[in-house]
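Peer 1: coords please:
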Amino acid sequence: MTRSFIQLGLLCLLRQGPQDLPHSTRWLLQLLGLLLCVQALAAATLGAPQNLPLRLLLSFAFLLGPAWLLLGMLDLRARYVQTVSAFAGAGLLFSLLAVPAALLLRGLSPESAEQGVTAGQALGVWLLLGMTVWKLVVDSHIWRHALGCPAPVAIGLTLALFLIELIVVRQLS
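Peer 2: Numbers count the residues shown, from 1 in each chain. Below you'll find the model as predicted:
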């Protein structure tokens with residue numbers, strides 16, 4: 001188990017691909033459970049948004065669905081468990097890192113931002129922006145390995161899925 005988390009860390013540093021992770025449905029389910037717990041606890045800590053169960057369901061649909069669809073279309077479904085493990089594990093690590101940065105943003109709203117932002121809030125914004133960009137880089141890396149496609153295709157796919165998920169989640173607000 002510890003070795004698998006080290007491999008996830010190396011994946012997030014772009015040193016390994018999803019093919020280097022264990023092909024274990026049990027480990028995938030454990031990662032998904034941990035991810036769900038961390039996201040729910042983070043939402044509770046940071047102030048649960050409206051429709052939290054629906055948001056979590058959509059988050060998991062965007063985690064599981066595109067990989068199932070794309071790998072199936074390319075007849076690469078044997079890579080599904082490792083690919084989704086990579087996405088879930090990276091999501092878990094980034095979620096754990098994002099909570100402290102998000103805590104710095106408490107009390108920040110569009111109205112309060114007009115009056116000025118504290119140094120801690122500015123730091124939180126920059127940290128979350130950096131983590132978002134790095135998460136997109138990691139997701140592109142995972143797609144490139146899972147689909148065997150060139151980097152520009154993986155980057156385009158990652159950005160398209162990210163934007164679609166943002167639009168869908170925004171519609172809930």
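
Peer 1: Touching, residue 143 and residue 156? I think so.
Peer 2: No. Checked against CB atoms under 8 Å, the pair residue 143 and residue 156 is beyond contact range at 9.5 Å. Heads up, the C-betas are built off the backbone N, CA and C, glycines and all.

Peer 1: which residues are in contact with stretch 135-146?
Peer 2: Stretch 135-146 has contacts (CB atoms under 8 Å, 6 or more residues apart in numbering) with 11-12, 14, 17-19, 67, 71, 76, 79, 82-83, 86-87, 90-91, 94, 149-151, 153-155, 157-159, 161-162.

Peer 1: in it, what counts as buried?
Peer 2: 135, 138, 139, 140, 141, 142, 143, 144, 145, 146 (16 or more other CB atoms under 10 Å).

Peer 1: Now, those that are in helices?
Peer 2: Judged by DSSP state H, the subset of the buried residues of stretch 135-146 located in helices is 135, 138, 139, 140, 141, 142, 143, 144, 145, 146.

Peer 1: pLDDT and distance to residue 33 added to those residues, as JSON lines?
Peer 2: Formatted as JSON lines, those follow (pLDDT from 0 to 100; distance: CB to CB, whole Å):
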{"residue": "135", "pLDDT": "97", "distance to residue 33": "20"}
{"residue": "138", "pLDDT": "98", "distance to residue 33": "21"}
{"residue": "139", "pLDDT": "98", "distance to residue 33": "21"}
{"residue": "140", "pLDDT": "98", "distance to residue 33": "26"}
{"residue": "141", "pLDDT": "98", "distance to residue 33": "24"}
{"residue": "142", "pLDDT": "98", "distance to residue 33": "20"}
{"residue": "143", "pLDDT": "98", "distance to residue 33": "24"}
{"residue": "144", "pLDDT": "98", "distance to residue 33": "27"}
{"residue": "145", "pLDDT": "97", "distance to residue 33": "24"}
{"residue": "146", "pLDDT": "97", "distance to residue 33": "22"}
